[in-house]
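S.K.: Here's my sequence, what's the structure:
(chains A and B)
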Protein chains: 2
Amino acid sequence: MQLTHYTDYGLRVLIFLSEQDATQRFTITEIADHFGIPRNHLVKVVHQLSTLKHVDATRGRNGGIRLGRHANEICVGNIIREMEATLDIVDCNKPGACPLLPECRLKGILNKASNAFLKTLDQYTIADLTSKARPC
Amino acid sequence: MQLTHYTDYGLRVLIFLSEQDATQRFTITEIADHFGIPRNHLVKVVHQLSTLKHVDATRGRNGGIRLGRHANEICVGNIIREMEATLDIVDCNKPGACPLLPECRLKGILNKASNAFLKTLDQYTIADLTSKARPC
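M.R.: Purely as a prediction, here's the structure:
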């Protein structure tokens, strides 16, 4: 049970930016090189972070990205809700509709567990994840 | 964020068996056909469930599998701990060691969240997942 690389990379970009001077901008290539991730894996990630206003992106010669809001305003639980393709821990319709439906109560119980997972992460912001943070 | 198919199928096998007459045995082929899953996807799953004594397997003409213990003795949280390839929600060493290490606190916080997820599931057994169960 793992986060998708997409969400993982999104979190890494935000943590990286939160550790930099708030006014400094970085290109996607610079961040991709820093993490050893192919640039094209980060393009969509950064685009979504920009759409969500978690990063502020500008084009041009001195363009690049920086955090769009303070790191202590970016909730880790919300990032996962926003970026994960699905929060359904199992897919009861693959391969084909599961014959245990509709009586099976697994999905409802997994949803409860998933909510407990996200509720834990709602207690933390990107600012709590960095080396500058206080221990929790 | 999803369980692997391996764990998902393990849970389905256990739920299926818990809904049958406790003395009746089913072959892997019968269960695979019931769920529309290729038989070879279930072989390793059933082998592990047998090793863990969650199912009782016999060979031969009247062989097959049935639950190895009562459904109310099989904890859902433990099945996930036993069957998931990893409980690490992110892999900080892919691709290559993440440069945010060792100060980054994401992994520790995700582990807390993962524990909350499993703790929720520790409240339920396979018997709670079937149509015969009381609502929770």
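
S.K.: Is there proximity between the one helix or strand A:Tyr9 maps to and chain B?
M.R.: A:Tyr9 is located in helix A:5-18, with elements delineated by DSSP states H and E. Yes - Helix A:5-18 is in contact with chain B by C-beta under 8 Å from any C-beta of the partner chain, via A:Thr7, A:Asp8, A:Leu11, A:Arg12, A:Ile15, A:Phe16. Where you see a C-beta, it was placed from the backbone N, CA and C, and this is true even at glycine.

S.K.: Can you get me a residue count around the closest residue to the second one other than its chain neighbours?
M.R.: Counting by C-beta to C-beta, 6 or more residues apart in numbering or on different chains, the nearest residue to A:Asp8 once its immediate chain neighbours are dropped is B:Val90, at 5.0 Å. Using other C-beta atoms under 10 Å in any protein chain shown as the criterion, B:Val90 is surrounded by 22 other residues.

S.K.: what residues does the helix holding A:Tyr9 touch?
M.R.: The list of residues contacting helix A:5-18 from outside it, by C-beta atoms under 8 Å, 6 or more residues apart in numbering or on different chains, reads A:2-3, A:26, A:31, A:34-35, A:37, A:41-42, A:44-46, A:48-49, A:54-55, A:65-67, A:71, A:74, A:76, A:79-80, A:83-85, A:126-127, A:129-130, B:1, B:90-91, B:98, B:100, B:104, B:106.

S.K.: 7 Å - rerun?
M.R.: Residues outside helix A:5-18 that contact it (C-beta atoms under 7 Å, 6 or more residues apart in numbering or on different chains) are A:31, A:34-35, A:37, A:41-42, A:45-46, A:49, A:54-55, A:66-67, A:71, A:74, A:79-80, A:83-84, A:126-127, A:129-130, B:90, B:98, B:100, B:104, B:106.

S.K.: And the strands in chain A, which stretches?
M.R.: With DSSP state E, the ranges of strands along chain A come out as A:55-58, A:64-67.

S.K.: Turn the ones you listed into a markdown table, including mean pLDDT, mean neighbour count and distance to chain B.
M.R.: Below are the strands of chain A laid out as a markdown table (pLDDT from 0 to 100; neighbours: other C-beta atoms under 10 Å in any protein chain shown; distance: least, C-beta to the nearest C-beta, whole Å):
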| stretch | mean pLDDT | mean neighbour count | distance to chain B |
| --- | --- | --- | --- |
| strand A:55-58 | 96 | 17 | 17 |
| strand A:64-67 | 97 | 20 | 15 |
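
S.K.: Please list the residues of chain A that sit near chain B.
M.R.: A:1-3, A:8, A:11-12, A:15-16, A:34-37, A:76, A:84, A:86-87, A:89-90, A:95-96, A:98-100, A:103-106, A:109, A:112-114, A:116-117, A:120-121, A:124, A:128-129, A:131, A:133 (C-beta under 7 Å from any C-beta of the partner chain).
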